[in-house]
Every structure is written in structure tokens, then in C-alpha cells.
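1. Make a model of this:
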Amino acid sequence: MVSETSQFHILQCVCLLWRIWKSRNKVTFEFFQPHVRSLARQFYNQVLEFSNLLPPPPPRSSLIPIHPATTWVPQDPPEVFLKINVDAAVCAASCSSGLVIRGSDGHVVLALGLQLQGISILIWQSF
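-> The predicted structure is shown next:
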């Protein structure tokens, strides 16, 4: 969700972009050759006029307070558990697979890499 202060600034930017677009159309279709200072003054006046029409943004103290995010710290798994990661890659002419087994302390217990042969790549992809 966007705060009211941010919405105010976004609306100011939209107003400024609209004014730039309008000036661009004037140059393109009416062959108008504006002076840079006069364009800057027009942009400034347009944003100032727009800002005066809007109510002022609320003070920061009236906004809803944001509470710090709570964090979750995972506990170490029991020593009897192993984590197994498996992945495979398929290229145009070959297939490979890998396996990593880690203990509860995170250290690698076993790691394997296999090049899969003898079966069509389409069959390996279907797994």
C-alpha cells in the first residue's frame, strides 16, 4: 500500500509528465518552438497549482506504525535425519543427474554425478 505522502508525490509527477506531453504535442503538431526557460516555468507553475489544490499530506505521526518483522530461526534437525537434494539437466544430446546428501550438521555425506545413457532423452525429460 502506498502512503498518502507517496501518492501526493506520484500525482505531482503525473501532472508534470502530462504537461511535458502537452508541450511535446504543441511542438510536434503546431510547430511551436518554445524557450526552455518558459517551459520550465510552465512546468513549475502547473505543479505548484496542482499542489495547492490537493490537501496537505498527513503528518508522519498520524500514520499507522509499522511493527518490525518477526523472524523465524529454524532449529537444528535431529542427528538421525539426512537431507537429500537431486537435480538433473537435459541437453540436446545428453542427460546428467546429480545427488547430494547432507547430514543434520549441513556437511556433505555423499555426492554423486551420473551421465544417463542408453535411454532416449525424451524419456528422461518425461521424468
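
2. Mind splitting the chain into its structural domains?
-> 4-60, 83-126 (automatic domain parsing).

3. per-stretch mean pLDDT over the ones you listed, give me the minimum one.
-> Lowest mean pLDDT of the domains of the chain: domain 4-60, a mean of 77.

4. Got the confidence number for Asp76?
-> 71.

5. mind listing what it touches?
-> 104-105 (Cβ atoms under 8 Å, 6 or more residues apart in numbering). For glycine as for every other residue, the C-beta is placed from the backbone atoms N, C-alpha and C.

6. Would you confirm that it belongs to a strand?
-> No. Counting by DSSP: H, G, I helix; E, B strand; the rest coil, Asp76 is located in no strand; its state is coil.

7. secondary structure element for Phe50?
-> helix 36-53 (DSSP states H and E).

8. Give me the sheet partners of the helix or strand that that helix is followed by and which way each runs.
-> Per DSSP H and E, helix 36-53 leads on to strand 83-90 as the next helix or strand towards the C-terminus. When sheet partners are counted by DSSP bridges, strand 83-90 sits next to strand 95-102 (antiparallel).

9. how much distance is there from the partner strand to the middle of the chain?
-> Taking Cα atoms, centre = their mean, to the nearest Å, the mean C-alpha location of strand 95-102 is offset from the chain mean by 31 Å.

10. could you check the angle helix 36-53 makes with the biggest helix by length in the chain?
-> For the chain, the longest helix by residue count, based on DSSP state H, is helix 4-30. Relative orientation of helix 4-30 and helix 36-53, computed by axes from the mean of the first three to the mean of the last three Cα atoms, to 10 degrees: 140 degrees.

11. could you say what helices and strands helix 4-30 packs with?
-> Applying 3 or more Cβ pairs under 8 Å, 6 or more residues apart in numbering; DSSP states H and E, one finds that helix 4-30 contacts helix 36-53.

12. Go through the helix it packs on and flag the buried ones.
-> By 16 or more other Cβ atoms under 10 Å, the buried positions in helix 36-53 come out as 43, 46-47, 50.

13. With only the CA atoms kept, save that helix in PDB.
-> Extracted C-alpha coordinates of helix 36-53, given in PDB (Å, rounded to 0.1, in the frame of the first residue of the first chain):
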ATOM      1  CA  VAL A  36      13.500  26.200 -22.300                       C
ATOM      2  CA  ARG A  37      13.000  28.700 -19.500                       C
ATOM      3  CA  SER A  38       9.400  29.300 -20.400                       C
ATOM      4  CA  LEU A  39       8.800  25.600 -20.500                       C
ATOM      5  CA  ALA A  40      10.400  25.100 -17.100                       C
ATOM      6  CA  ARG A  41       8.300  28.000 -15.700                       C
ATOM      7  CA  GLN A  42       5.100  26.400 -17.100                       C
ATOM      8  CA  PHE A  43       6.000  23.100 -15.600                       C
ATOM      9  CA  TYR A  44       6.700  24.600 -12.200                       C
ATOM     10  CA  ASN A  45       3.500  26.700 -12.200                       C
ATOM     11  CA  GLN A  46       1.400  23.600 -13.200                       C
ATOM     12  CA  VAL A  47       2.900  21.500 -10.400                       C
ATOM     13  CA  LEU A  48       2.500  24.400  -7.900                       C
ATOM     14  CA  GLU A  49      -1.100  24.900  -8.900                       C
ATOM     15  CA  PHE A  50      -1.800  21.200  -8.700                       C
ATOM     16  CA  SER A  51      -0.100  21.000  -5.300                       C
ATOM     17  CA  ASN A  52      -2.300  23.900  -4.000                       C
ATOM     18  CA  LEU A  53      -5.500  22.100  -5.000                       C
END
